[in-house]
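In: sequence-free structure coming up:
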């Protein structure tokens with residue numbers, strides 16, 4: 001019973017931390033993103049969770065996550081296929097592994113969020129579900145509620161075990 005309890009508690013805490021990392025940018029130079037399309041298949045599957053780290057410079061063949069003009073809310077994760085100077089500024093040309101053509105717009109270094117350094121296939125689906133109200137209740141709230149209930153039950157059991165002193169017992173000790 002205790003193994004299940006600790007496993008559930010650990011999973012709920014880990015899922016909560018990952019959800020927090022996906023929703024916010026708490027760690028400097030690192031971001032956690034969920035891959036929403038299959039443009040990088042088979043290297044990175046749809047629904048994968050990617051850990052992205054900001055770098056000073058990026059190299060050809062590295063997979064980066066970036067934003068493009070007008071779509072800063074939805075980052076793209078593609079591979080750098082070429083870097084070159086354009087009007088005196090460095091730009092990256094990118095392409096999804098599953099796409100036949102290079103992306104139409106070059107990526108400026110200031111639009112790069114970072115280099116993909118780690119991926120966990122399909123975990124993004126779970127986190128995406130956890131961001132929805134029902135998913136949050138089922139995956140975070142439910143286990144957290146069970147943990148709270150278990151702890152309160154334990155405390156209540158200990159309190160009930162403690163003998164209650166009556167007035168007569170108190171008078172005898174005096």
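Out: It's in. Because the structure is predicted, anything quoted here is derived from the model rather than measured. Residues are numbered from 1 along each chain as shown.
In: so what sits opposite residue 92 in the bridge?
Out: residue 83, residue 107 (DSSP bridges).
In: what's the burial count for the nearest residue to residue 130 once chain neighbours are set aside?
Out: Closest residue to residue 130 apart from its sequence neighbours, by C-beta to C-beta, 6 or more residues apart in numbering: residue 139 at 4.7 Å. C-beta: built from backbone N, CA, C; applies to glycine. Around residue 139 there are 21 other residues, counting by other C-beta atoms under 10 Å.
In: check contacts around residue 139.
Out: If a contact means C-beta atoms under 8 Å, 6 or more residues apart in numbering, then residue 139 has 12, 15, 126, 129, 130 as its contacts.
In: same check on residue 99?
Out: Residues in contact with residue 99, defined by C-beta under 8 Å, 6+ apart, are 39, 78.
In: doesn't it belong to a helix?
Out: No. Applying DSSP: H, G, I helix; E, B strand; the rest coil, one finds residue 99 to be coil, outside a helix.
In: roughly how far apart are it and residue 37?
Out: 10 Å (C-beta to C-beta, to the nearest Å).
In: next: residue 29.
Out: Between residue 29 and residue 37 the distance is 25 Å, computed by C-beta to C-beta.
In: compare these two (neighbour count), which wins?
Out: The neighbour count for residue 29 versus residue 37, taken as other C-beta under 10 Å, is higher for residue 37 (15 against 10).
In: can you check my assumption that the more buried one lies in a helix?
Out: No. Per three-state DSSP, residue 37 lies outside any helix segment and is coil.
In: next, it: phi, psi?
Out: phi -130, psi 170 (degrees, to the nearest 10).
In: I'd guessed it sits against residue 46; true?
Out: Yes. Taking contacts as C-beta atoms under 8 Å, residue 37 lies within contact range of residue 46: 6.1 Å.
In: just the terminal-to-terminal distance for stretch 19-33.
Out: 10 Å (C-alpha to C-alpha, to the nearest Å).
In: max pairwise distance over the contacts of residue 139: which two?
Out: Within these, two members stand farthest from each other by C-beta to C-beta: 12 and 129, at 14.3 Å.
In: so for the two, which sits in the more crowded spot?
Out: A side-by-side neighbour count of residue 12 and residue 129, using other C-beta under 10 Å, places residue 12 first with 19 against 13.
In: roughly how far does residue 162 sit from residue 153?
Out: Look at residue 162 and residue 153: by C-beta to C-beta, they are 16 Å apart.
In: show me the longest helix that occurs in this protein.
Out: Using DSSP state H, we find that the single longest helix of the chain is helix 2-23.
In: which other helices and strands does it contact?
Out: For helix 2-23, the packing partners by 3 or more C-beta pairs under 8 Å, 6 or more residues apart in numbering; DSSP states H and E come out as strand 30-34, helix 123-130, helix 142-161.
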